[in-house]
Structures are given as structure tokens and as C-alpha cells.
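Asks: what's the 3D shape of this:
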Amino acid sequence: MTTGSSRFDPKHRAKGRAAASNVTGRFERFQHVAEDDGWDLAEEMPVLRTHVSIEDPRRVITYNRSPDLPFDRSVNPYRGCEHGCIYCFARPSHAYLGMSPGLDFETRLVAKKDAAQRLDAELRARGYRVAPIAFGTNTDPYQPIEKNHGIMRDCLIVLKRFRHPVAIVTKGTLIERDIDILAELAADGLVRVGISVTTLDTRLSRLMEPRVPAPARRLKVIERLSRAGVPVRLMVSPVVPALTDPELEAILSAGRSAGATSASWIMLRLPREVSPLWQYWLAEHYPDRADRIMARVREMHGGADYDARWGHRMRGEGAYAEMVAQRFKLASRRLGLHHKQPELRCDLFRVPARAGDQLTLL
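Replies: Sure thing, here's the model as predicted:
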């Protein structure tokens with residue numbers, strides 16, 4: 001069997017992974033495909049394991065001007081995500097690394113080892129102007145490899161020293177490890193957290209999000225963070241038409257019971273390579289409703305799988321999108337989750353002294 005750079009037989013499903021293919025990235029000159037070598041011999045397929053490369057970034061704060069986003073800067077400690085959510089809108093970003101948005105995105109990860117040191121340097125820059133920094137905007141900062149690398153915790157330590165506001169989005173339970181820092185930041189109005197819950201169905205979650213903690217476990221994270229005084233927003237994201245949308249009210253209710261004080265939602269997004277990966281996954285696991293799901297998706301995007309227009313890409317448009325929005329609005333109001341999270345404080349920011357710095361007498 002020859003597989004080029006794919007390194008796997010597409011007829012075999014990688015255990016614990018969501019993607020079923022490793023299509024070559026869109027910027028590559030050549031496509032790599034698996035071909036039978038004609039020997040007709042049984043071959044034992046190797047286990048597809050996670051590989052982590054180290055990157056030494058020159059900068060870690062990324063700025064954006066998107067009107068769809070409530071922040072203008074973010075930090076992502078990792079590239080790729082071992083959680084492996086089949087619907088992840090960030091998968092296409094792996095193509096910029098010369099890798100596949102498919103299995104490579106889940107298994108060939110990049111850790112920005114010195115991210116905390118770079119963050120410290122950028123916050124000290126003379127022209128820096130403080131505003132909340134978002135973590136978890138592209139890949140999860142608390143994905144499993146964080147347990148060994150600890151980059152997210154190192155970044156939090158830097159932010160605590162600078163008394164800098166931070167917003168975090170995650171599905172990972174590793175955030176509980178950092179409750180000591182988060183509680184201290186929360187006491188000063190410097191942190192808020194969003195926990196994503198896509199479904200309450202454990203089986204469905206395991207299929208869509210193979211290495212994400214179970215839904216009940218994520219609700220426990222909300223409870224523990226809330227008990228520590230950390231403001232938590234429940235994120236019903238993504239809402240999948242005809243698959244998870246019947247659970248919308250139940251997810252909101254469960255999040256409220258766990259201690260969430262606000263909620264948000266985003267519709268399923270299928271940019272670039274995500275769409276074929278998603279459709280293959282649907283055909284394999286839910287063939288009876290695949291056509292219905294895709295029909296709803298296209299209905300919201302003018303007949304296309306995705307429309308990247310600002311103000312449109314997060315929610316879609318049309319009767320179905322409006323119905324989901326109305327259901328969310330009514331349920332969140334009934335549960336008291338319609339309030340926005342409090343604004344994070346920027347007035348406490350200060351640049352801490354370093355060893356050897358000349359200190360002021362005043």
C-alpha cells in the first residue's frame with residue numbers, strides 16, 4: 001500500500017479521530033492519494049498517534065477587525081487541535097502549514113513553546129494599548145497536549161502579573177487546573193470564560209468530538225468555575241440542523257443549572273475543506289438524515305454550503321435560521337441567560353518591573 005504523505009489507508013478509520021480522510025492542503029502542488037499495491041495481502045494498519053512540533057513564534061498576539069467578533073486581539077498557544085471536532089471551522093487553517101485540514105489537523109499539532117515569553121514582551125511594548133485578549137478563538141488552549149506543555153497556564157501567569165483582561169473559550173476540563181489563577185483574576189473583573197456544549201447526547205458527542213470531554217463533564221466544569229467566582233457563558237455551538245437543534249432548550253437549561261450566567265449560540269459553519277469532511281462524516285454516521293441536514297445548511301446560505309459574509313456567517317439567514325434565533329431568545333430569557341457577561345476591566349493594567357529594572361522613587 002502506498003499512501004504518499006497521507007500515511008493511512010482511507011478504508012480504515014483512525015480510532016478516536018473524527019476525520020476519515022487526509023486530503024492534501026489546497027496550497028500544495030500535488031495531491032497525495034492512497035492506492036492498492038496489488039499484492040492483496042492483509043496489512044496491519046499502524047495506530048495514528050498525535051505528533052507535536054515546536055514553534056518559536058516571533059509574535060503571539062493576532063489582531064483582527066471583524067465586526068462579527070467581540071474582541072480585536074487573540075492568542076492561540078497551539079496550531080491544530082487534538083479534540084478533533086469534525087465540524088471545526090478552524091480546520092482550513094492547517095493548509096497554511098502545508099498540512100491537511102483532515103487527520104493532520106487532529107494529529108500533527110504545533111505548540112508555541114515560548115508563547116508566554118513573547119506575550120510578556122508584547123505587553124511591555126511602548127505602543128501597546130490594553131484591551132481584552134481572547135484565547136481559544138481558533139483552536140482550544142486546553143486541548144489534551146496542554147497537560148504536558150502547560151503553555152496556557154504560563155500565559156495566564158503573565159496576564160496575572162500585568163493585571164490584563166482575558167476571555168477564554170474551551171471545551172477542555174484542563175481549565176480546572178488553573179482555577180487558582182482564574183479565581184484571582186475574576187475577583188478583579190479580569191476574566192470571563194465560555195464553555196461550549198454542542199449536545200447532551202454522549203454517543204453523538206463522541207462521534208462528532210472524539211477527544212472532547214463528555215457533555216456531563218463539561219457541565220461540571222461550568223459548575224466548578226462558577227463556584228470559584230469565575231463568570232461562565234454557556235456556548236451552544238455549533239447548532240446542527242436536524243441533529244442537535246432539538247436539544248437547544250435542554251442544553252440551555254442544563255447550563256443554567258450548572259451555574260452559567262449567560263449564553264450564546266452559533267450555527268454550523270462549513271468553510272472550505274470542512275464541508276466535504278463533514279459530509280463524509282454525515283454519510284457514514286447519519287445517512288438517513290444527511291440530505292435533510294445539508295438542505296437546511298444550504299437554505300441558510302443561498303444554496304451554498306457556506307457564505308463567509310460578515311454578519312451572516314455565524315447565523316445564516318432565512319426562515320430556519322430565524323426560528324432557531326427565536327427559540328434561543330425565548331429560552332435564554334426564560335432561564336435568565338440573556339444578560340451579557342460583565343465588561344472586563346482595563347484600568348488595572350500595569351507593566352510589572354523586571355529583575356534589573358530601574359525603579360521609580362515615587
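
Asks: CA only for contacts and neighbour counts going forward, please
Replies: Noted.

Asks: What helix or strand is Ala355 located in?
Replies: Using DSSP states H and E, Ala355 sits within no helix or strand.

Asks: ok, it - how many residues close by?
Replies: The burial count assigned to Ala355 is 6, neighbours taken as other C-alpha atoms under 10 Å.

Asks: Pull the number of nearby residues for the closest residue to Glu223 other than its chain neighbours.
Replies: In space, and not counting its chain neighbours, Glu223 is closest to Ala258: 4.7 Å by C-alpha to C-alpha, 6 or more residues apart in numbering. The number of residues packed near Ala258 is 22, by other C-alpha under 10 Å.

Asks: What are the phi and psi values at Ala258?
Replies: Dihedral pair for Ala258: phi -80, psi -20, per degrees, to the nearest 10.

Asks: Tell me how far it lies from Arg206.
Replies: Counting by C-alpha to C-alpha, to the nearest Å, the gap from Ala258 to Arg206 is 21 Å.

Asks: just Ala325 next, same as before
Replies: According to C-alpha to C-alpha, Ala325 stands 26 Å off from Arg206.

Asks: The two: who's more crowded?
Replies: Arg206 (18 against 15).

Asks: can I assume the more buried one is in contact with Leu200?
Replies: No - Arg206 lies out of contact with Leu200 (C-alpha atoms under 8 Å); the separation is 10.7 Å.

Asks: Longest helix in the chain, please.
Replies: Secondary structure assigned by DSSP state H gives helix 319-335 as the longest helix of the chain.

Asks: Please point out which parts of that helix sit buried.
Replies: Residues Ala321, Val324, Phe328, Ala331, Ser332, Leu335 are the ones in helix 319-335 that count as buried (16 or more other C-alpha atoms under 10 Å).

Asks: same check, this time on stretch 218-230
Replies: Neighbour-count burial for stretch 218-230 [16+ other C-alpha under 10 Å]: Arg218, Leu219, Lys220, Val221, Ile222, Glu223, Arg224, Leu225, Ser226, Ala228, Gly229, Val230.

Asks: which strand is the longest one in this protein?
Replies: Secondary structure of the chain read by DSSP state E shows that its longest strand is strand 232-239.

Asks: Pairing partners for that one, with directions?
Replies: Strand 232-239 sits in its sheet next to strand 191-196 (parallel), strand 262-267 (parallel), going by DSSP bridges.

Asks: most packed of these?
Replies: Counting by mean count of other C-alpha atoms under 10 Å, strand 191-196 has the highest mean neighbour count of the strands paired with strand 232-239, with a mean of 25.

Asks: So which residues make contact with whatever helix or strand comes next after that strand?
Replies: Later in the chain than strand 191-196, the nearest helix or strand by DSSP H and E is helix 202-208. Helix 202-208 is contacted by residues Ala18, Cys85, Ile86, Tyr87, Thr198, Thr199, Val212, Ala214, Pro215 when judged by C-alpha atoms under 8 Å, 6 or more residues apart in numbering.
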